[in-house]
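[1] Build me a structure from this.
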Amino acid sequence: MTVVMFIGFLLGLAIPAFASRFGKILPADPGLVCAMLFHKPRIPNVADLQRRELLDAKWRKMVYFSVGWGVVMGFLFAYARAFLPHIYVYACLFFYLTALLMAVDQQYYLLPDFFTIPLLLIGITFACFSSDTVLTMNERIVGAWFGYIISTLSVFIMSFFKKGEFGAGDVKMLTAFGIWLGPFGLNVTLLLSFLFFYATAWIKKRRADAFGPALGIAGIIVFFLLYLKLLWTF
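    Here you go, the predicted structure:
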């Protein structure tokens, strides 16, 4: 378990660095995104004292976020290994891709295909080849359709009032979550995510914010409740 926790910590450290690249490289095809994600960053030589202080503050903030994400991912990986040993690899992939989507959306207000599509494809692989019996294949298919339809209808309805509040990335993320969580789990996820979103907006005193972080937190919570078979008694 210690090894799994350490791997989660190392992968978590990289989340803010990966997220910070997307504002400069998107839109782009997956191959270019891969190249840019692992490209060595160039650190500018700043002569102006004020600009140097701003740059140092930015790097300190990234270090703090990196350590925070490392601790969170280490805990999630270890928790999955301890309580979901038969599916912990799939669980770790779900947590990590969801965390990357949360970090990118928080910074750039977008949920890139580079992470949403693998989340969907790994969910399909999990449904087809895992030994888990929490959800049937029919429930997973219905969940994916439900995620797609409800999010598409939301975009359609909201377009009459305010465009851009709910985008294609949210549709793909909800469709992927439908495969992992099924229709009932997805309903609970949506309810929790709206509560988290409005609570965060109230605390920050903002009328608009990224929806991905609230959706990701809710999805991870529901994942644990569902696969630990605690959701029905929640």
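[2] which stretches of the protein have low pLDDT?
    The model of the chain has pLDDT under 70 over residues 23-59, 155, 157-167, 206-208, 232-234.
[3] all strands for it, in order.
    Taking DSSP state E, the chain contains no strands at all.
[4] Pretty sure A144 sits against W180.
    No - assessed by C-beta atoms under 8 Å, A144 is found out of contact with W180, at 9.2 Å. Bear in mind the C-beta positions are built from the backbone N, C-alpha and C, glycine included.
[5] can you give me the helices in the protein?
    2-13, 15-25, 30-37, 49-83, 88-108, 113-129, 137-158, 168-204, 212-227 (DSSP state H).
[6] Present the ones you listed as JSON lines; the columns should include mean neighbour count.
    Listed next are the helices of the chain as JSON lines, based on neighbours: other C-beta atoms under 10 Å:
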{"stretch": "helix 2-13", "mean neighbour count": "17"}
{"stretch": "helix 15-25", "mean neighbour count": "17"}
{"stretch": "helix 30-37", "mean neighbour count": "13"}
{"stretch": "helix 49-83", "mean neighbour count": "15"}
{"stretch": "helix 88-108", "mean neighbour count": "22"}
{"stretch": "helix 113-129", "mean neighbour count": "18"}
{"stretch": "helix 137-158", "mean neighbour count": "17"}
{"stretch": "helix 168-204", "mean neighbour count": "20"}
{"stretch": "helix 212-227", "mean neighbour count": "22"}
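[7] and the gap between the residue positioned nearest the centre of the chain and F156?
    When C-alpha atoms, centre = their mean is applied to the chain, the residue found nearest the centroid is T98 (2.2 Å). Note on T98: its distance to F156, by C-beta to C-beta, to the nearest Å, is 25 Å.
[8] And I141, by the same measure?
    Noted for I141: a distance of 22 Å to F156, by C-beta to C-beta.
[9] which residues does the residue nearest to A14 when sequence neighbours are not counted contact?
    Using C-beta to C-beta, 6 or more residues apart in numbering and skipping residues adjacent in sequence, the residue nearest A14 is S66, 7.6 Å away. Going by C-beta atoms under 8 Å, 6 or more residues apart in numbering, S66 touches 12-17.
[10] ok, now C92?
    4, 8, 76-77, 80.
[11] Which one of the residues you listed is nearest to A168?
    Ranked by distance to A168 (C-beta to C-beta), the contacts of C92 are led by L76 at 27.2 Å.
[12] Could I get the contacting residues of the nearest residue to the closest one once chain neighbours are set aside?
    Among residues not flanking L76 along the chain, F95 sits closest, at 4.7 Å (C-beta to C-beta, 6+ apart). F95 makes contact with 73, 76-77, 80, 220, 223 under the criterion C-beta under 8 Å, 6+ apart.
[13] Including distance to V188, could those go into TSV?
    What follows is the contacts of F95, written out as TSV (distance: C-beta to C-beta, whole Å):
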residue	distance to V188
M73	23
L76	19
F77	23
A80	19
I220	12
F223	11
